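have a look at this prediction, sequence included:
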Amino acid sequence: MKIGLVGFAGSGKTTVFNTMTGMDVPVGFGGELRLGIVRVPDERIDELSAFFSPQKTTYAEMIFCDIPGEHGAEKKGLSPRGLQQIRDQEALCLVLRDFVNPSIDGDPDPAGDLEAFHTECLFADLEIVERRLERAKKERAEPQEVAAFEVMKSTLEEERPLRVLTAEDLNRDYLRGYGLLTDRPLLVALNCEESEAGKPLPEGIANRLEELDAAGLVLSASVEAEIAGLEPEDQAAFLEDLGLSEPALARFIRTAYRLLNLISFFTVGEDEVRAWTIRRGTRARPAAGRIHSDLERGFIRAEVTPFTTFMELGSEQAVKDAGRLQVEGKEYVVSDGDIMHVRFNV
């Protein structure tokens, strides 16, 4: 899962990136896109690994992309290069400044910055949609495609993001390849002063995010960077002083999984215990394809054990003996925590 960090100049975006990834990218340094891979903590993987003692344990991963700040410098608009880098992301995290930055004139205005970013994305998407709609009509494209782009156009003209449209409202097959920004899941990180780190999102921003079908969290990137450098026992004390129960990374991952509707299933054995990330509602056959394309192509059945069942009974054999092993076909909807073994033939 690739999440692009975006933000106007001085928002603390790169500090957030460093905090999340443990990297040390210079703040204010322009240039190329920077990537950081973060392991997604999961106590279930820890327990399964302790049971199987595999040669390899593989956690789910989240890729953070620190998109160079030139796209939002001084709020003058998104540059073509910045736009393309943003379009390549699976989801966006907009970092909003809510702290005094001596290098920037004026008080922080996170609500205004949110609207500025939203407006830029609307205009960028509308330009693409209008151009494609005009061409589709000239080429006499199939009526369903024309109708889909007309729905997108009217939605954007109403200043609503495309992500608010349900599958019933819009066939997203027609969006493929366009990288429309307002259809990307949006997570907002309100980067605040240390004294505000333990407080909830301001009501006005929370309400606006609900309207935009987006999610948000509060963090203080500079303080979180300090916390990340502490020993675990010291981290807990520091977090408690701030009124927090866990570091920003854990809160960010949980919020992102909820926003993106993601779950994990597991494959286990002496060679490897591994977590696989899929969207909630994914059926067994495409889930098998996450492991390897051959498993999807030659799918026969999936042998499934819920994680809680496995831990309750204590072994794969005990699960079978108790008649609790689920043998599922390709239409089975995979649940969070399922342990799967795929039978296939190619």
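Thanks, I have the structure now.

hey, let's count contacts and neighbours off CA atoms from now on
Noted.

apart from its neighbours in sequence, what residue is nearest residue 164?
Of all residues not flanking residue 164 in the chain, residue 213 sits nearest, at 5.8 Å (C-alpha to C-alpha, 6 or more residues apart in numbering).

helix or strand for the closest residue to residue 242 other than its chain neighbours, which one?
Spatially, and ignoring its direct neighbours in sequence, residue 242 is nearest to residue 198 (5.7 Å; C-alpha to C-alpha, 6+ apart). Counting by DSSP states H and E, no helix or strand carries residue 198.

burial measure for the residue nearest to residue 164, as a count.
Other residues near residue 213 come to 18 when the count uses other C-alpha atoms under 10 Å.

what's the answer for residue 157, then?
13.

got the phi and psi for the residue nearest to residue 164?
phi 50, psi 40 (degrees, to the nearest 10).

so where do the helices sit in the chain?
Under the criterion DSSP state H, the chain contains helices at 13-21, 43-52, 80-87, 110-138, 143-157, 203-211, 221-228, 232-242, 248-260, 284-291, 293-297, 307-313, 316-321.

can I get those helices in CSV with distance to residue 177?
Shown next, in CSV, are the helices of the chain (distance: least, C-alpha to C-alpha, whole Å):
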stretch, distance to residue 177
helix 13-21, 27
helix 43-52, 35
helix 80-87, 10
helix 110-138, 11
helix 143-157, 14
helix 203-211, 26
helix 221-228, 34
helix 232-242, 43
helix 248-260, 19
helix 284-291, 21
helix 293-297, 22
helix 307-313, 37
helix 316-321, 43
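
ok, the residue nearest to residue 164 - contacts?
Shown in contact with residue 213 (C-alpha atoms under 8 Å, 6 or more residues apart in numbering): 163, 164, 186.

most neighbours of all these, which one?
That'd be residue 186 among those, by other C-alpha under 10 Å, with 25 neighbours.

beta partners for that residue?
Beta-bridge pairing for residue 186 (DSSP bridges): residue 92.

make 4 the starting number, not 1.
Sure, I'll start counting at 4 from here, so that last one is residue 189.

next one: the residue nearest to residue 167 from residue 181, what distance?
Distance check for residue 216 against residue 181: by C-alpha to C-alpha, to the nearest Å, it reads 20 Å.

check residue 136 too.
13 Å.

same thing with residue 250?
To residue 181, residue 250 is 35 Å away according to C-alpha to C-alpha.

comparing the two, which residue is more hemmed in?
Using other C-alpha under 10 Å as the criterion, residue 250 and residue 181 rank with residue 250 on top: 19 against 13.

report the contact partners of the more buried one.
Counting by C-alpha under 8 Å, 6+ apart, residue 250 touches 227, 230, 231, 242.

rewinding a little: tell me, how many residues neighbour the residue nearest to residue 245?
Counted with other C-alpha under 10 Å, the neighbours of residue 201 add up to 18.

please apply the same query to residue 214.
Look at residue 214: counted by other C-alpha under 10 Å, it has 12 neighbours.
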